[in-house]
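1. following is a predicted model, sequence given first.
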Amino acid sequence: MSPLTVFSIKTVSAIVGLALCGFVLLYIFSDRRMEGPIGGACTEEALMCPDGSSVGREGASCAFSPCPDTGSFAGELRAQGGEYRLVISAPESMSNNATYALPLSFLSTPPPGEFIGKKVIVRGSFASGALFAVSSLEESEENLSEGTLRVGDTQFINGIKVTLVDVEDSRCPLDIQCVWVGNIVARISLVSDTDRDSFSLTYPGEGRAFDAYHVSILGVSPEPIATGLSQDTYRITFSVVSQ
């Protein structure tokens, strides 16, 4: 066998060997990519949870850790494209949003259609991240479009965060005869996902438009008395309906 022939055989063997090594390395690298990041480091992302806390990615698959369990949530059930969301009040840390869309998964069959668009109570636990695995669902008796507030309270009413700032009361006391019946003026602050505003509402009165909603006062308690009422005694019921 000539030296040239020997050199050619050695060269071919080396090329084949390098190719095999490259294939093995490629396989190992690809396998590691499927299992998780090299060295176990996940990207430093944070997912906001309904309670205002946040969770990061962990584990071989770098999935988000489950949000802290609270057991149950009450909100409006919505459906789109086979996916379900529970619209609840956004945590205070999400200052630019009034609502938080909580993704739901159902351990058994999806909810009947009559629950869609209504206020419901879901119970279960977080499967991963903010995905809430529902074990039970029931319709809430609370009216979605009404809420009663005290001065200083903030309540989530039909997708809007309503804060009762203060009350001016010029109503005629029950134990006095007056020429003018008077009224209640409630100063409120409103926040939606696309707008925010502050203004006063009069009761009795027509109410006022805000964003895509109409806001009005349905009732006030207690009745006025001659000695007057302190701010913390008022209970005002608001209506927030889509226009």
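-> Noted; the coordinates are in hand. Numbering: from 1, shown residues only.
2. the residue positioned nearest the centre of the chain and Gln177, how far apart?
-> In the chain, the centroid-proximal residue (Cα atoms, centre = their mean) is Tyr100; its distance is 1.5 Å. Taken as Cβ to Cβ, to the nearest Å, the spacing of Tyr100 relative to Gln177 amounts to 51 Å. In this view, the C-beta of every residue, glycine as well, is placed from N, C-alpha and C.
3. surely the residue nearest to the centre of the chain touches Arg85?
-> No. Using Cβ atoms under 8 Å, Tyr100 makes no contact with Arg85, being 9.4 Å away.
4. quick one: contacts for Val167?
-> If you count contacts by Cβ atoms under 8 Å, 6 or more residues apart in numbering, Val167 has them with Val151, Ile184, Val185, Ala186, Arg187, Gln231, Tyr234, Ile236.
5. can you pull out the low-pLDDT segments for this structure?
-> Low-confidence segments of the chain, defined by pLDDT under 70, span residues 1-40.
6. what's the domain layout of it?
-> Taking automatic domain parsing as the criterion, the chain consists of the domains 47-139, 146-242.
7. can you put those domains in CSV and add distance to Ala41?
-> Below are those laid out as CSV (distance: least, Cβ to Cβ, whole Å):
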stretch, distance to Ala41
domain 47-139, 9
domain 146-242, 35
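8. what sits closest to Pro224 if chain neighbours are left out?
-> Nearest-residue entry for Pro224: Arg171, 4.3 Å, with adjacent residues in sequence omitted and distances by Cβ to Cβ, 6 or more residues apart in numbering.
9. just the closest of the contacts of Val167 to Lys119, please.
-> In terms of Cβ to Cβ, no member of the contacts of Val167 lies closer to Lys119 than Ile236, at 20.5 Å.
10. quick check, that closest one in contact with Leu149.
-> Yes. Counting by Cβ under 8 Å, Ile236 sits close enough to Leu149 to count as a contact (5.8 Å).
11. and Gly147, what does it touch?
-> Taking Cβ under 8 Å, 6+ apart as the contact definition, Gly147 lies against Gln155, Phe156, Ile157, Val162, Thr237, Phe238, Val240.
12. please identify the helix or strand for it.
-> When elements are assigned from DSSP states H and E, Gly147 belongs to strand 146-149.
13. hmm, back to that, who's the residue nearest to the centre of the chain bridged to?
-> Each beta-bridge partner of Tyr100 is listed here, defined by DSSP bridges: Ile88.
14. could you do Ser54 as well?
-> Taking DSSP bridges, one obtains Met48 as the residues bridged to Ser54.
15. isn't it right up against Glu44?
-> No. The pair formed by Ser54 and Glu44 falls short of the contact definition of Cβ under 8 Å, at 11.4 Å.
16. higher neighbour count, these two?
-> Higher neighbour count among Ser54 and Glu44: Ser54, with 14 against 7, using other Cβ atoms under 10 Å.
17. now do the contacts for that one.
-> Ser54 is in contact with Ala46, Leu47, Met48, counting by Cβ under 8 Å, 6+ apart.
18. mutual contacts of Ile236 and Leu149, please.
-> Shared contacts of Ile236 and Leu149 (Cβ under 8 Å, 6+ apart): Leu164.
19. these two: who's more crowded?
-> With other Cβ under 10 Å as the criterion, Ile236 and Leu149 differ in neighbour count, and Ile236 comes out ahead with 23 against 19.
20. bridging residues for the more buried one?
-> Listed beta-bridge partners, Ile236: Leu149, Val220 (assigned using DSSP bridges).
21. so which of the contacts of Gly147 are in strands?
-> Members of those lying in strands (criterion: DSSP state E): Gln155, Phe156, Ile157, Val162, Thr237, Phe238, Val240.
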